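>>> give me a model of this one.
(one chain, ligands or ions: 1)
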Amino acid sequence: MIMVTGATGTVGREVVNLLVAGGAKVAAVTRDPAATAFPDGARAVAGDPSRPQSLTPALDGVEALLLSPRAVGGATSELLRLAAEHGVRRVVVLSAVTVEYGGGYRRFAREFELVEAATRASGLRWTFLRCADFTANALAWAPQIRRTGVASGAYGDAATSPIHERDVAAVAVRALLDPAHDGRAYAITGPQSLTQHDKARLIGEAVGRELRFEEIPPERLRQLMLAQGLPEDVPDRLIGYAAACLEQPGPTTDSVARLLGRPALTFADWAAEHADVFRELSPS
Ligand SMILES: NC(=O)c1ccc[n+]([C@@H]2O[C@H](COP(=O)([O-])OP(=O)(O)OC[C@H]3O[C@@H](n4cnc5c(N)ncnc54)[C@H](OP(=O)(O)O)[C@@H]3O)[C@@H](O)[C@H]2O)c1
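Residues are numbered from 1 along each chain as shown. The predicted model follows:
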């Protein structure tokens, strides 16, 4: 049995789907099982990974755990101690490239470093997936693009190599199922370095509409993101990382292609899959 924390999240959902499709038994953790339908074959586990005791009843029989730092909060050590006591052998951590390459506000890199350190100290076998920014982060532009055809952001020339969440999930599944990845830390990114202007243009191509990226002051962007209901820390994470990537583009690695034996998915692939989210609402 594989336990997935953050199972309702951008990556967690895809991990659950891939594991079930491959015939694995899955315990999918969420704080609110009534709000989510998991695929047949996945068992919903009601619990909060940031309060690890809430997962105790579900840990028996689990061999490997996907650890989502957002879901686990500051409870990595306690969760992994409990997991080890219940016979869990391996953990795969959704970490971030900032740990290896720097960039962004130091406090956010530090959070991931602490999770990795606690994992190393847990005695479990581990794999760290140090992820680039997720393509899905561009969903933050969707309401504005639908309304105005403009994507506002700070630091338009900041370049990163965003990774498709399905690729993160596919690599995570390999690591969860195959002990050959034990003790390995992979920096995983998308295949292309793209500025924010490039990302807006590629979404426009997918939607069939010319989209403009408009640079706005970071503080104004922060307020817009908070007004959209994004969690308090997200604007600082994204804006701080963009500021750093203006000076030094985010890394591009070929790890996804090497690990999966196929090319990494592109931002254009993601935009085509999500074009409807960015389309103007037709007047009713
Ligand atoms: N976005 C990026 O660019 C990026 C880059 C590198 C690494 N990461 C890391 O990758 C991981 C997965 O990202 P994601 O975008 O898939 O995650 P996500 O969608 O933001 O969240 C995953 C799940 O965690 C649970 N959760 C959220 N806040 C929580 C809280 N305060 N306490 C307890 N549970 C909470 C929620 O599940 P329920 O509500 O169902 O309980 C949520 O669906 C995260 O840990 C993130 O830090 C992200």
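
>>> how is this structure divided into domains?
2-132+164-188, 137-159+191-250+265-278 (automatic domain parsing).

>>> figure out which of the ones you listed is closest to the ligand.
domain 2-132+164-188 (2.4 Å; C-beta to the nearest ligand atom). No exception for glycine: its C-beta is placed from N, CA and C like everyone else's.

>>> endpoints of that closest one, how far apart?
For domain 2-132+164-188, the first-to-last residue distance is 22 Å (C-alpha to C-alpha, to the nearest Å).

>>> report the rounded mean pLDDT for it.
Across domain 2-132+164-188, the average pLDDT comes to 97.

>>> sorry, back to before: deepest-packed of the domains of the chain, please.
domain 2-132+164-188 (a mean of 20; mean count of other C-beta atoms under 10 Å).

>>> do that one and the ligand meet?
Yes - interface with the ligand: domain 2-132+164-188 contributes 6, 8-12, 30-32, 48, 50, 68-71, 73, 94, 96, 131 (C-beta under 6 Å from any ligand atom).

>>> now, these that are in strands?
T30, L94, A96, C131 (DSSP state E).

>>> want to throw those residues into a markdown table with distance to A158?
Shown next, in a markdown table, are these (distance: C-beta to C-beta, whole Å):
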| residue | distance to A158 |
| --- | --- |
| T30 | 33 |
| L94 | 22 |
| A96 | 16 |
| C131 | 17 |
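
>>> among those residues, which pair sits farthest apart?
Based on C-beta to C-beta, the longest span within these runs between T30 and A96 and measures 22.5 Å.

>>> about what we covered before: how about the domains of the chain, which one is nearest V256?
With C-beta to C-beta, the closest approach to V256 among those belongs to domain 2-132+164-188: 5.0 Å.

>>> which parts of the stretch 101-250 of the chain are helices?
Assigned by DSSP state H, counting those that start in this stretch, the helices in the stretch 101-250 of the chain fall at 106-121, 142-148, 165-177, 196-207, 218-227, 234-247.

>>> with distance to F278 added, can I get the ones you listed in TSV?
Formatted as TSV, these follow (distance: least, C-beta to C-beta, whole Å):
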stretch	distance to F278
helix 106-121	27
helix 142-148	5
helix 165-177	17
helix 196-207	5
helix 218-227	17
helix 234-247	18
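
>>> which residue, other than its chain neighbours, is closest to F108?
R237 (5.4 Å; C-beta to C-beta, 6 or more residues apart in numbering).

>>> thanks a lot, catch you later.
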